[in-house]
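Engineer: no sequence on this one, just coordinates:
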Ligand code: PFF
């Protein structure tokens, strides 16, 4: 059997499986670790509102576009452009996506490693009876250490590799289906505890009552970058998954469901965190440690906190895993289909390369802290460049490709599979993807990096 026909058989086996895998990719550290901390850094509700605007006007149409490219081509991110736009430079957009995937997974693995360490800390009761200052110190000391965080990062990367090595149906789909719903339930439990803390109101106000004077150009760019990061867009993850979705699936409906789920979970995470931040007198802008410092305080204040803390960090690790496998899959699918390297070997090679880059990210929190570029350590640099530059640029190209290169007829043809296309919704989609998304991305991007200056 040829390589291509055996690839074609690798599809998600049920509609719920598709949603669970795509939502599993979208929901991860981005929602629970990154969203609260950057919302804190960029001033709260105003950032949230801009973020929500970008989700609807740009994120959702780009997600649908990625699914369209993926299912139409049935290929990896590079092969997709090669087959839909033969003999053109479009395939370079695929390479941009591969670079973004490598960079993101490198630092993502580090934070996921922190989460594993916190499972261990939770099991040994390490956060019980510590005040916010001690918890903050515990976090900083841990991430600055040279060995332990690297060991957990590597452990996480090995887990990712093991699942991706097994393939789509037995690996990715199976895990995503069971564990995602459990995570949602647990976050809701945490929300209830957080909003009933004394002084919770301030936190809710911070999250939902906007003060637009706090917005900066960089904050707006970060909101855009995070919309892409959180929805797993701009580098071909959902193109890659789109290739595994069969033609009976309604792509538009799937895109809406994934977007709504991802956004709700980010907001629920914010509701668990900000009331507690204010109730315990933690600085909302305290950065990457926010979740790791705030939630242990919450666990101390709830019956069964010991048990819930273990469960939470375990599920956070799993949420990270269902995302990291989707990132690694972008690279593996490329190696496998374009370079004809067998899945297992492709998985090992890409994991090793990305893990080595990740080790430097981890060390840049401690012993390599002094080495900075543009005032950012290596970890922050990879995060910033990938989320705020590569993903929006990738999103820009994806929208131009679907809106202008493929065009309305081909889009309609793909969307008609598995559903009846509603004419006016199709027109809205085409309008958003042709004009709104590319223009908005270009403006926010140029403004954010200071090339033009609106505000
Ligand atoms: N969306 C994931 C999260 O929010 O944690 C991270 C991610 C996955 C980013 C896949 C980009 C990507 F392509």
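Structural biologist: Ah, there it is. These numbers were taken from a predicted model, which means no experiment stands behind them.

Engineer: now the stretch 1-150 of the chain against the ligand: closest residue?
Structural biologist: Taking Cβ to the nearest ligand atom, the ligand has its nearest neighbour within the stretch 1-150 of the chain at residue 30, 2.1 Å off. C-beta coordinates here come from the backbone N, C-alpha and C atoms, glycine included.

Engineer: contacts only, for that residue.
Structural biologist: 226, 229-230, 266, 323 (Cβ atoms under 8 Å, 6 or more residues apart in numbering).

Engineer: ok, now with 10 Å
Structural biologist: Contacts for residue 30 (Cβ atoms under 10 Å, 6 or more residues apart in numbering) come out as 38, 104, 108, 111, 226-232, 262, 265-266, 269, 319-320, 323, 387.

Engineer: ok, residue 189 next?
Structural biologist: So residue 189 contacts 272, 302, 304, 308, 311-312 (Cβ under 10 Å, 6+ apart).

Engineer: buried subset of those residues?
Structural biologist: 272, 302, 308, 311-312 (16 or more other Cβ atoms under 10 Å).

Engineer: lowest-confidence member of the residues you listed, which is it?
Structural biologist: Lowest in pLDDT among the buried ones among the contacts of residue 189 is residue 302, which has 81.

Engineer: right, and it touches residue 193 too?
Structural biologist: Yes: assessed by Cβ atoms under 10 Å, residue 302 is found in contact with residue 193 at 4.7 Å.

Engineer: now the common contact residues for these two.
Structural biologist: Joint contacts of residue 302 and residue 193 (Cβ under 10 Å, 6+ apart) are residue 308.

Engineer: one step back: which two of the buried ones among the contacts of residue 189 have the greatest separation?
Structural biologist: In these, two members sit farther apart than any others by Cβ to Cβ. They are 272 and 311, at 13.6 Å.

Engineer: so what's in contact with these two at the same time?
Structural biologist: The contact sets of residue 272 and residue 311 overlap at 186, 189 (Cβ under 10 Å, 6+ apart).

Engineer: does the closest residue to the ligand within the stretch 251-400 of the chain belong to a helix, a strand or coil?
Structural biologist: Residue of the stretch 251-400 of the chain nearest the ligand, by Cβ to the nearest ligand atom: residue 323 (4.0 Å). Residue 323 falls in the helix class when you classify it by DSSP: H, G, I helix; E, B strand; the rest coil.

Engineer: and it, what is it in contact with?
Structural biologist: Residue 323 makes contact with 24-31, 104-105, 108, 112, 160, 176, 229-230, 232, 237, according to Cβ under 10 Å, 6+ apart.

Engineer: who's in contact with the residue nearest to the spatial centre of the chain?
Structural biologist: Central residue of the chain (Cα atoms, centre = their mean): residue 230, 3.7 Å from the mean position. Residue 230 makes contact with 26-31, 34-35, 51, 55, 59, 259, 262-263, 265-266, 323, 387, according to Cβ under 10 Å, 6+ apart.
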